[in-house]
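1. what's the 3D shape of this:
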Amino acid sequence: MSSSPVVPAFSLAGRVALVTGSSRGLGRAIAFGLGRAGARVAFNYLNDRAGAESTIAEYHAEGLAGGLFRGDVVDEADVPRLGSAIERELGPIDVLVVNATPDQPQKPIEDYDWAFHQQMLDFFVKSPFLLTRAVLPHMKRRRWGRIVNIGSEVFRRGVGCFSAYVAAKGAQDGWTRSMATELAPWNITVNLVAPGWIPVERHANDPQAQKDAYRALIPMKRWGVPDDVAGACVFFASDAAGFVTGQNLCVNGGMTVG
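-> Below you'll find the predicted structure:
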């Protein structure tokens with residue numbers, strides 16, 4: 001009596017994944033994590049071509065499958081073009097991780113203008129909408145898909161002098177919940193991973209006193225690292241999470257509980 005080969009629960013073999021903003025930081029770690037789990041990964045960047053090419057060279061040096069794709073994920077015309085380019089080279093997108101982000105300076109409301117608020121909404125509401133609309137036809141045909149939004153703990157913590165970012169992240173959380181319910185009949189899951197403050201390249205010049213103050217509050221008594229976030233994304237992208245949707249998973253060492 002023959003038996004089918006056992007496929008590991010966290011294997012992404014045969015899947016194509018797009019991680020937006022993946023030339024550095026958390027996006028880079030997420031893309032590497034998905035690739036190490038077996039996915040063919042589309043790395044995305046917009047401006048830093050040299051940095052993106054260095055990242056994809058390191059990725060390919062590990063023998064991992066994927067490619068590099070330039071695209072503006074808040075541009076209504078460019079997102080479909082990006083999706084078509086990925087499909088031609090790697091295949092239709094099965095796993096979408098919405099990670100790209102602009103700078104996030106903290107300042108009081110008097111120092112914000114609406115253009116800054118709009119930029120936050122573009123990245124955390126408009127971009128998920130455009131990208132999801134682009135990948136849904138394939139996911140619905142196959143009746144399988146994974147959409148993972150990268151949110152933030154700031155929404156639960158109500159961080160001050162951060163109102164534009166917090167508001168947009170709250171909207172992203174709500175959008176995730178609504179889409180999870182809407183797409184569940186097609187076996188498409190929509191979840192959100194909410195990291196705490198995990199220092200990456202863009203935090204290099206942040207005040208040390210500010211870093212020390214945050215680090216002292218973390219119940220697990222250590223900094224999070226990008227691979228902590230990557231692991232959560234691999235879980236949500238895998239068959240192991242096939243019955244998990246509409247969830248907000250905080251990856252922050254216990255800074256928020258429940």
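2. partners of the longest strand along the chain, with directions?
-> The strand of greatest length in the chain, counted in residues with DSSP state E as the criterion, is given as strand 188-195. Under the criterion DSSP bridges, strand 188-195 sits next to strand 145-150 (parallel), strand 248-251 (parallel) in its sheet.
3. what's around the closest residue in space to Y112 that isn't next to it in sequence, how many residues?
-> Leaving out its chain neighbours, the residue that sits closest to Y112 by CB to CB, 6 or more residues apart in numbering is A164, at 5.6 Å. C-beta: built from backbone N, CA, C; applies to glycine. Counted by other CB atoms under 10 Å, the residues lying close to A164 total 21.
4. pLDDT averaged over stretch 59-71 - what is it?
-> Rounded to a whole number, the mean pLDDT of stretch 59-71 is 98.
5. try stretch 43-54
-> In the prediction, stretch 43-54 has an average pLDDT of 96.
6. residues in contact with that stretch: which ones?
-> Applying CB atoms under 8 Å, 6 or more residues apart in numbering, the set of residues contacting stretch 43-54 from outside is 18-24, 27, 31, 55-56, 59, 66-73, 82, 100.
7. now with 10 Å?
-> Here stretch 43-54 makes contact (CB atoms under 10 Å, 6 or more residues apart in numbering) with 17-24, 27-28, 31-32, 35, 55-56, 59, 66-75, 78, 82, 86, 97, 99-100, 131, 201.
8. now a PyMOL select for only the buried ones of those.
-> Entered in PyMOL, the line below selects the buried ones among the contacts of stretch 43-54, by 16 or more other CB atoms under 10 Å:
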select buried, resi 17+18+19+20+21+22+23+24+27+28+31+32+35+55+56+59+66+67+68+69+70+71+72+73+74+75+82+86+97+99+100+131
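9. re earlier: ranking the strands paired with strand 188-195 by burial, who's on top?
-> Compared across the strands paired with strand 188-195, strand 145-150 shows the largest average neighbour count, a mean of 27 (mean count of other CB atoms under 10 Å).
10. C-terminal to that one, what's the next element?
-> On the C-terminal side of strand 145-150, the nearest following helix or strand under DSSP states H and E is helix 154-157.
11. just the C-alpha atoms of that next one, please, in PDB.
-> These are the backbone C-alpha positions of helix 154-157, laid out as PDB (Å, rounded to 0.1, in the frame of the first residue of the first chain):
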ATOM      1  CA  VAL A 154       1.500  51.300  18.500                       C
ATOM      2  CA  PHE A 155      -2.300  50.900  17.800                       C
ATOM      3  CA  ARG A 156      -2.800  48.800  21.000                       C
ATOM      4  CA  ARG A 157      -0.500  51.000  23.000                       C
END
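12. any idea which helix or strand comes after that helix?
-> Using DSSP H and E, the helix or strand that follows helix 154-157 towards the C-terminus is helix 163-183.
13. put the alpha carbons of that following helix into PDB.
-> Output of helix 163-183 as PDB, limited to C-alpha atoms (Å, rounded to 0.1, in the frame of the first residue of the first chain):
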ATOM      1  CA  SER A 163      -1.000  60.100  15.900                       C
ATOM      2  CA  ALA A 164      -0.800  59.800  12.100                       C
ATOM      3  CA  TYR A 165       1.000  56.500  12.100                       C
ATOM      4  CA  VAL A 166      -1.200  55.100  14.900                       C
ATOM      5  CA  ALA A 167      -4.400  56.100  13.100                       C
ATOM      6  CA  ALA A 168      -3.300  54.500   9.900                       C
ATOM      7  CA  LYS A 169      -2.200  51.300  11.600                       C
ATOM      8  CA  GLY A 170      -5.600  51.200  13.300                       C
ATOM      9  CA  ALA A 171      -7.300  51.400   9.900                       C
ATOM     10  CA  GLN A 172      -5.100  48.700   8.600                       C
ATOM     11  CA  ASP A 173      -6.100  46.500  11.500                       C
ATOM     12  CA  GLY A 174      -9.800  47.100  10.800                       C
ATOM     13  CA  TRP A 175      -9.300  46.400   7.100                       C
ATOM     14  CA  THR A 176      -7.600  43.100   7.900                       C
ATOM     15  CA  ARG A 177     -10.600  42.000  10.100                       C
ATOM     16  CA  SER A 178     -13.100  42.900   7.400                       C
ATOM     17  CA  MET A 179     -11.200  41.200   4.600                       C
ATOM     18  CA  ALA A 180     -10.700  38.100   6.600                       C
ATOM     19  CA  THR A 181     -14.500  37.700   6.900                       C
ATOM     20  CA  GLU A 182     -15.100  38.500   3.300                       C
ATOM     21  CA  LEU A 183     -12.500  36.200   1.800                       C
END
